[in-house]
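Asker: with the input below, show me the fold.
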Amino acid sequence: MASLILPSPRLPYLSNLLSGSTPLYLILLLLLLLANLAYRVHRWSKLRHVPGPFLAGWTSLWLTRRFLSYKVYEDMHALTKKYGPVVRVAPNKVIINDINTIYRITNARSEYKKGEWYILARVMPGADNLLSMRDPKLRAKRLRHVLPAYSGKNQDDFEPALDKTISTLLSLIETKYLSTPSHFAPMNLAQKSHFYTLDSFGEIAYSQSFRSLDTDSDVLGIVKTGDETFPMLSAVHNHHKIFQILQKWPFYYLLPREGDKVGFGKVFGLALEIVNQRAREEKEGVVGKKRDMLQSMMDHGLGGDELRSEVALSFFVGSDTVASAVRITMLLLMTHPAAYRRLQEEIDDASEKGKISRPVTNDEAKRHLPYMHAVIQESLRLFPPSSIVPFFKEVPEQGDTVNGYYLPKGTTIGTGCVMWSMNHDEEFWGPDVNVFRPERWLEAEPEKLVEMGRCVDLIFGSGKFVCAGKMIAFMQMNKVFPELLRRYNWSLPDPFHLPTIDNPTIWDIHGLMVRVEKRGGRI
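Answerer: Got it, this is the predicted structure:
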């Protein structure tokens, strides 16, 4: 009996493809597919020895989806618990969840440099700022112009500027938002926190408030611009090349520009206005020479678009992260009565004994309010302000071996989006790792306390990648909390409608409406 043999389908041989019987577009399509496959296999093979999700080794879309969820910090924590301290999260990207390795990567002598991701911080097209600048030599030069301003050298003390802003904040509360047993005046604490950090930075940097607290509104639209922009950043954290394309002709003309009434274009115009106004004042001698951050940068040789780019960046970096920390800390205190009472008692006791003045100075707060420092550290630990921002660093030309894994040139390492994971490591922090317990900072042995501090300090970067505004950020917090807590009682008025938290780049609290009551006998 003859057997039935069916012909098996198969791809035509290359010789048949090259014959005239096959359309040219099919040949080109097949060649493109083969080239793409070869490229992906080659890219995958370079880091095939690094553990991680299977799809992450083949496509960047796996990581993009995590960024878009606003929960990438939780995803990175789960990955490091599953795979270890080194995890592949994209074809050429890894994350490192090891404190000593990150300090080595970021130290002053390290050959690592900023990855292309940092161009997302270029708020003004064609003009780099200290954050977006990738070239180590150019950045070192810019630091010489900018760092004295952030350190307070050659300028007036920052404290009078902060005292002025805090006084305006207290006045706003007294006139509009004090509740009594017969009157409820709800206050949006998340919004007012941002107004405080924005206005105080304006006073410190440019000797002028942005008048958000004076008008009780986002009068210049800076807060709105940030709120609308940060969610979009989540979409491009893993696709920064798109941003590079948009900054080139002809897409350049679609970007915000000076003269716009809203958005970044309005911010650019504001930066230009601030710089030009200072130049006019100097030329005309209308007022005495000011001693603020802007003047310091100008005195150190910064001008033109370089100066404007630093000013424009400061509107966001100088206020959003600290506002996030202030609102999170206040929420944690209101939801943890024991910690709230202990901090309030510490402030009252220091005030009654004359250890802290009115308003409190930064030095007094650091020396006489140890529990408040513990509260701030614990808040930063639980909610690092930039928990989803990757801050990708580029492996040096010769490659590097990290925690036993060789990483070739072209690999980028995410050192930012692991801050949540490092500060929620149960093995290091203990079984109550997810509990807000400031006492851990007062109970720890000296050696343990040093390691705890190193972990939280990484939130602000380290070495040559350290945040220039770290000192100002702590001063803004050290001075505002004592004034808020010794004068008022704070509470959440509606237990059935509690605030919700998400992180589109910075922690954002929705519905943080609070009740503020004057404390009896308190000034």
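Asker: what residues sit buried inside the helix or strand containing residue 341?
Answerer: Element membership for residue 341, per DSSP states H and E: helix 337-352. By 16 or more other Cβ atoms under 10 Å, the buried positions in helix 337-352 come out as 339-340, 342-344, 346-347, 350-351. Every residue, glycine included, has its C-beta placed from N, CA and C.
Asker: check stretch 362-378 too.
Answerer: For stretch 362-378, burial by neighbour count (16+ other Cβ under 10 Å) applies to 362, 364-365, 368-369, 371-378.
Asker: next one: stretch 26-43
Answerer: Here stretch 26-43 shows residue 43 as buried, counting by 16+ other Cβ under 10 Å.
Asker: pLDDT averaged over that stretch - what is it?
Answerer: In this model, stretch 26-43 has a mean pLDDT of 82.
Asker: could you dump that stretch to PDB, C-alpha only?
Answerer: C-alpha atoms of stretch 26-43 as PDB (Å, rounded to 0.1, in the frame of the first residue of the first chain):
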ATOM      1  CA  LEU A  26       9.500  40.800   0.500                       C
ATOM      2  CA  ILE A  27      13.200  40.300   0.200                       C
ATOM      3  CA  LEU A  28      13.900  43.600   1.900                       C
ATOM      4  CA  LEU A  29      11.400  42.900   4.600                       C
ATOM      5  CA  LEU A  30      13.000  39.500   5.300                       C
ATOM      6  CA  LEU A  31      16.500  41.000   5.400                       C
ATOM      7  CA  LEU A  32      15.300  43.700   7.800                       C
ATOM      8  CA  LEU A  33      13.800  41.100  10.100                       C
ATOM      9  CA  LEU A  34      16.900  39.000  10.000                       C
ATOM     10  CA  ALA A  35      19.100  42.100  10.700                       C
ATOM     11  CA  ASN A  36      16.800  43.100  13.600                       C
ATOM     12  CA  LEU A  37      16.900  39.600  15.000                       C
ATOM     13  CA  ALA A  38      20.700  39.500  14.800                       C
ATOM     14  CA  TYR A  39      20.900  42.900  16.500                       C
ATOM     15  CA  ARG A  40      18.600  41.700  19.300                       C
ATOM     16  CA  VAL A  41      20.500  38.500  19.800                       C
ATOM     17  CA  HIS A  42      23.800  40.300  19.900                       C
ATOM     18  CA  ARG A  43      22.400  42.900  22.400                       C
END
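Asker: report the central residue of the protein.
Answerer: By Cα atoms, centre = their mean, the mean C-alpha position of the chain lies nearest to residue 386, the distance being 3.6 Å.
Asker: which ones are touching the closest residue to that residue other than its chain neighbours?
Answerer: Spatially, and ignoring its direct neighbours in sequence, residue 386 is nearest to residue 416 (6.0 Å; Cβ to Cβ, 6 or more residues apart in numbering). Residue 416 sits next to 386, 389-391 when contact means Cβ atoms under 8 Å, 6 or more residues apart in numbering.
Asker: likewise residue 194?
Answerer: Here residue 194 is in contact with 212, 223, 319-320, 323, 327 (Cβ under 8 Å, 6+ apart).
Asker: residue 87 now?
Answerer: Applying Cβ under 8 Å, 6+ apart to residue 87 gives the contacts 50-52, 76, 79-80, 94-95, 97.
Asker: show me where the protein has its strands.
Answerer: 86-90, 93-96, 113-114, 187-188, 392-394, 400-402, 405-407, 412-414, 488-491, 500-502, 508-510, 513-518 (DSSP state E).
Asker: out of those, nearest to residue 167?
Answerer: The closest of the strands of the chain to residue 167 is strand 488-491. By Cβ to Cβ, the value is 14.6 Å.
Asker: other SSEs contacting the closest one?
Answerer: Other helices and strands packing on strand 488-491, by 3 or more Cβ pairs under 8 Å, 6 or more residues apart in numbering; DSSP states H and E, are helix 320-334, strand 513-518.
Asker: how big is the angle separating the last one from helix 320-334?
Answerer: Which is strand 513-518. Strand 513-518 and helix 320-334 meet at an angle of 70 degrees, taking axes from the mean of the first three to the mean of the last three Cα atoms, to 10 degrees as the criterion.
Asker: which strands or helices does strand 513-518 pack on?
Answerer: Contact partners of strand 513-518 among helices and strands, from 3+ Cβ pairs under 8 Å, 6+ apart: strand 187-188, strand 488-491.
Asker: which of the ones you listed sits most buried?
Answerer: strand 187-188 (a mean of 19; mean count of other Cβ atoms under 10 Å).
Asker: same question for that one, mean pLDDT?
Answerer: Mean per-residue pLDDT for strand 187-188: 98.
Asker: tell me which residues are up against it.
Answerer: For strand 187-188, contacts defined as Cβ under 8 Å, 6+ apart pick out 173, 176-177, 512-516.
Asker: and the two most separated of those?
Answerer: Greatest spatial distance among the contacts of strand 187-188 (Cβ to Cβ): 176 and 512, at 16.4 Å.
Asker: these two: which is more packed in?
Answerer: Neighbours were counted for residue 176 and for residue 512 using other Cβ atoms under 10 Å; residue 512 has more, 23 against 11.
Asker: alright, that wraps it up for me.
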